[in-house]
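Novice: Next input, structure requested:
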Amino acid sequence: MSAREGLVVASHGRHCVVETPDGERRICHPRGKKSQAVVGDQVRWLAPPPGQGDEGTIEKVLPRRNLFYRQDEIRTKSFAANLDQVLILIAAEPVFSESQLARALIAAEAEGITPLIALNKSDLVEPFARAWERLLPYRHMAGKAGPGSHHYNVLPLSLAQSGEADRAALLQHLQGKATLVLGPSGAGKSTLINLLVPGASVLTGEISQALNSGKHTTTSTAWYWVDQARTTALIDSPGFQEFGLRHLAPTDLARCMPDIGAHANACKFYNCTHLHEPGCAVQLQVESDSRPGTISANRYKIYKELFAELSEAPRY
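Specialist: I've put the predicted structure just below:
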């Protein structure tokens, strides 16, 4: 029996759901002890012989364009593969963590995946104005992103009923692409997915029941088609609260932070860390009370903190 190709649309433990090009979905498990397939992977799989159940076997994971993941000292968490972009959904309230936002953007840049930032709850006028101001450095980075991205788009968004125009603008950015949606609790991620994919919660329940996981989208990753033609996809995944970047070297940071990378090649020393060296073009661009700059003080603070974190020896 020849292997068929399919797309991994959900996973839990060692089992996953594979979708064929004609839309059939089949539970599959990997051959061997360890599961290598993640949501978004293209795989080759075999149907079971007659009379031996319904579950297929994954024979091979096909080469990936990219893999979006995070890594701390203990474990690696893979979100999804073969992505066109990552949508980071934050909100005016509760107040978002700029450090977590920066980490997700760096992870996207490292894998060459276009990042998209959406700030929800534009109907909360004063909190939204404050949050929009905090995003000024990211709005200024449009067109300056590194080799992995085109630019940072920062979109205002209201998932309230008054936000039809915002949602239409967002949908334009999503069309024809596979987009991973990340967001902290309270940002409106589930609301967004249910608005764009009617019946998503029902589909999630069916997948969870099929995989015997008893889990919801907060603990597993799932792929949803937005359109009947299956050209536009949203991937819902948990795990935004903790975002380790241990898979990166500290010297990778500058190229993954567009505002810093824009000046890194102008430093006096080729191996400049942009922390203390004389003739550092990056430090000259950091804003302060005494001078303007193209790099915000808070962004540079995040860079220094991450550089120190990634320079630490593992404690295990």
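Novice: so how far is the helix or strand hosting residue 129 from its chain's centroid?
Specialist: If you go by DSSP states H and E, residue 129 is part of helix 125-134. Taking CA atoms, centre = their mean, to the nearest Å, one finds helix 125-134 lying 23 Å from the centre of the chain it belongs to.
Novice: Go through whichever helix or strand comes after it and flag the buried ones.
Specialist: Counting by DSSP H and E, the next helix or strand C-terminal to helix 125-134 is helix 136-140. Buried residues in helix 136-140, counted by 16 or more other CB atoms under 10 Å: 137, 138, 140. Using the backbone N, CA and C atoms, a C-beta is placed for each residue, glycine as well.
Novice: Please apply the same query to stretch 45-62.
Specialist: By neighbour count on 16+ other CB under 10 Å, the buried set for stretch 45-62 is 45, 47, 56, 58, 61.
Novice: Hmm, residue 26 and the third one touching each other?
Specialist: Yes. Assessed by CB atoms under 8 Å, residue 56 is found in contact with residue 26 at 4.9 Å.
Novice: Which neighbours do those two have in common?
Specialist: 18, 45, 47 (CB atoms under 8 Å, 6 or more residues apart in numbering).
Novice: Can you show me the helices along the chain?
Specialist: Along the chain, counting by DSSP state H, helices occupy 98-110, 125-134, 136-140, 164-174, 189-196, 200-210, 253-256, 258-264, 281-284, 297-311.
Novice: Could you tell me the least trusted of those helices?
Specialist: Lowest mean pLDDT of those: helix 200-210, a mean of 64.
Novice: Kindly format the C-alpha coordinates of the longest strand anywhere in the chain as CSV.
Specialist: When the chain is scanned for its longest strand (criterion: DSSP state E), the result is strand 4-12. Output of strand 4-12 as CSV, limited to C-alpha atoms (Å, rounded to 0.1, in the frame of the first residue of the first chain):
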residue,chain,number,x,y,z
ARG,A,4,-0.5,9.2,1.0
GLU,A,5,0.3,12.8,1.8
GLY,A,6,-1.6,14.9,4.3
LEU,A,7,-1.5,18.0,6.6
VAL,A,8,-1.3,17.7,10.4
VAL,A,9,-4.2,19.8,11.8
ALA,A,10,-4.2,18.8,15.5
SER,A,11,-1.9,16.9,17.8
HIS,A,12,-2.0,15.6,21.4
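Novice: Tell me which other helices or strands that strand touches.
Specialist: Applying 3 or more CB pairs under 8 Å, 6 or more residues apart in numbering; DSSP states H and E, we find strand 4-12 packed against strand 15-19, strand 25-30, strand 42-46, helix 200-210, strand 222-225.
Novice: what separates the residue of the chain most remote from its centre from residue 18, distance-wise?
Specialist: Ranking residues of the chain by C-alpha distance from their mean position (CA atoms, centre = their mean) puts residue 51 at the top, at 40.9 Å. Here residue 51 is placed at a distance of 21 Å from residue 18 (CB to CB, to the nearest Å).
Novice: next one: residue 228
Specialist: 20 Å.
Novice: go on, residue 4?
Specialist: Residue 4 is 9 Å from residue 18, by CB to CB.
Novice: Any chance you could list residues touching both of the two?
Specialist: residue 45.
Novice: More neighbours: which of these two?
Specialist: residue 18 (25 against 17; other CB atoms under 10 Å).
Novice: residue contacts, the closest residue to that one other than its chain neighbours?
Specialist: With CB to CB, 6 or more residues apart in numbering as the criterion, residue 18 has its nearest non-adjacent residue at 3.9 Å, and that residue is residue 6. Contacts for residue 6 were tallied using CB under 8 Å, 6+ apart; they are 18, 19, 20, 21, 26, 28, 42, 43, 44, 45.
Novice: In JSON lines: the residues you listed, plus distance to residue 177 and pLDDT.
Specialist: Formatted as JSON lines, the contacts of residue 6 follow (distance: CB to CB, whole Å; pLDDT from 0 to 100):
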{"residue": "18", "distance to residue 177": "21", "pLDDT": "95"}
{"residue": "19", "distance to residue 177": "17", "pLDDT": "95"}
{"residue": "20", "distance to residue 177": "21", "pLDDT": "94"}
{"residue": "21", "distance to residue 177": "19", "pLDDT": "93"}
{"residue": "26", "distance to residue 177": "25", "pLDDT": "92"}
{"residue": "28", "distance to residue 177": "25", "pLDDT": "92"}
{"residue": "42", "distance to residue 177": "16", "pLDDT": "97"}
{"residue": "43", "distance to residue 177": "21", "pLDDT": "95"}
{"residue": "44", "distance to residue 177": "24", "pLDDT": "95"}
{"residue": "45", "distance to residue 177": "25", "pLDDT": "95"}
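Novice: so who does residue 119 touch?
Specialist: With contacts defined as CB under 8 Å, 6+ apart, residue 119 is in contact with 90, 91, 92, 128, 131, 132, 135, 154, 155, 156, 157.
Novice: Skipping adjacent residues, who's closest to the first one in space?
Specialist: Going back to what we said before, that points to residue 90. residue 96 (3.9 Å).
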